[in-house]
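Asker: coordinates for the following, if possible.
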Amino acid sequence: MKIFYKMIPKVIKEIVKYFYYPTKRFIGDTIRKGKINYLQRINYTDLDFYYKNIYSQHGEDGILAEIIKRLGIDSGWVVEFGAWDGKKFSNTFNLVTQGFQAVYIEGDQEKYNELKKTADEYKNIHPIKTYIEESGVNSLDNVLENTKCPKDFDVLSIDIDSNDYQIWQCFKNYNPKIVVIEVNSSVALNVEAIYSKETRRVGTSFSSMLKLGNEKGYICVLHTGNMIFARNDLVYKIYRGQQERLYKHIKTTKYRR
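Answerer: Below you'll find the model as predicted:
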């Protein structure tokens, strides 16, 4: 009996040696392979994997760079207003540093002076001093008519903390490939709310901007605090994300600082 008890530790040791450790290694290898496969998949599909700020606020620099890459665009045109100095919190200046032509529009005189300094350094920036209006001489359509910007330019960025919705709604003569536009992400998902001077509503809701984008022939491919839209005919080159997946960004990211 004493011999039996003495053998128990050896038996347990052998069981551990031949069953526990191999099983542990197998489980570990399976988990690692799963992570690698997941990262490989996300690398080719999930745009939120590419969040990166160089000049932008909410990761748009990295996201737009990846979208541009997937669309096979090496050089092109971007439009942004109000542009400030062209750099601060810009969604497109990173593309300017890569050689893209840019129409930067700023109405404030002091900020425009700073923009001019940036344009002196970067000759591919075409600065314009004006406040964009929904219609008339200062509408975005009319302002761009006086530039060499092509009708299907690459990126339009709208972030003026007011009538962003109305400006895009009235923009008819150009068809940018990508539109980045700010929304009020604090508004509940099922609420349609549009900026109005009369009601003093701050910004437009996700749902209302999503509806406008769809009406204009765009699909929202990501939300960062800004909504990033891709033209319908180009989405297949990026990916057609489920709207439910896009909603998570409102709940989990809202405004990335």
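
Asker: just the strands from the stretch 1-150 of the chain, written as ranges.
Answerer: 77-81, 101-106, 125-129 (DSSP state E, counting those that start in this stretch).

Asker: using PDB, write out every CA atom in the first one.
Answerer: Output of strand 77-81 as PDB, limited to C-alpha atoms (Å, rounded to 0.1, in the frame of the first residue of the first chain):
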ATOM      1  CA  TRP A  77      -7.900  67.200 -55.000                       C
ATOM      2  CA  VAL A  78      -9.400  68.000 -51.600                       C
ATOM      3  CA  VAL A  79     -11.700  70.800 -50.400                       C
ATOM      4  CA  GLU A  80     -12.100  71.900 -46.800                       C
ATOM      5  CA  PHE A  81     -13.800  74.800 -45.000                       C
END
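
Asker: other residues contacting it?
Answerer: 90-92, 95-96, 100-106, 132, 140, 144, 149-150, 153-160, 176 (Cβ atoms under 8 Å, 6 or more residues apart in numbering). Using the backbone N, CA and C atoms, a C-beta is placed for each residue, glycine as well.

Asker: of these, buried ones?
Answerer: 90-92, 95-96, 100-106, 132, 140, 144, 149, 153-160, 176 (16 or more other Cβ atoms under 10 Å).

Asker: just the ones of those residues in helices?
Answerer: Assigned to helices by DSSP state H, the following of the buried ones among the contacts of strand 77-81 qualify: Leu95, Val96, Leu140, Leu144.

Asker: and of the strands of the stretch 1-150 of the chain, who's closest to Asp61?
Answerer: Set against Asp61 and scored by Cβ to Cβ, the strands of the stretch 1-150 of the chain come closest in strand 77-81, at 12.3 Å.

Asker: name the strands paired with the closest one and say parallel or antiparallel.
Answerer: Looking at strand 77-81 with DSSP bridges, its partner strands are strand 101-106 (parallel), strand 155-158 (parallel).

Asker: got the angle for the longest one vs strand 125-129?
Answerer: Spelled out, it's strand 101-106. 20 degrees (axes from the mean of the first three to the mean of the last three Cα atoms, to 10 degrees).

Asker: how far does strand 101-106 sit from its chain's centre?
Answerer: On the basis of Cα atoms, centre = their mean, to the nearest Å, strand 101-106 sits 19 Å off its chain's mean C-alpha point.

Asker: any stretches of the stretch 151-257 of the chain with poor pLDDT?
Answerer: For the stretch 151-257 of the chain, the stretches flagged by pLDDT under 70 are 199-201, 240-257.

Asker: helices of that one, start to end?
Answerer: With helices called from DSSP state H, counting those that start in this stretch, the stretch 151-257 of the chain shows them at 164-170, 206-215, 235-238, 243-252.

Asker: keeping just the C-alphas, turn the second one into PDB.
Answerer: Only the C-alpha atoms of helix 206-215 are listed here, as PDB (Å, rounded to 0.1, in the frame of the first residue of the first chain):
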ATOM      1  CA  PHE A 206     -26.500  61.000 -37.200                       C
ATOM      2  CA  SER A 207     -29.800  59.800 -38.500                       C
ATOM      3  CA  SER A 208     -30.700  63.000 -40.400                       C
ATOM      4  CA  MET A 209     -27.200  63.200 -42.000                       C
ATOM      5  CA  LEU A 210     -27.300  59.500 -42.900                       C
ATOM      6  CA  LYS A 211     -30.600  60.100 -44.700                       C
ATOM      7  CA  LEU A 212     -29.300  63.100 -46.600                       C
ATOM      8  CA  GLY A 213     -26.100  61.200 -47.600                       C
ATOM      9  CA  ASN A 214     -28.200  58.300 -48.900                       C
ATOM     10  CA  GLU A 215     -30.400  60.700 -50.900                       C
END
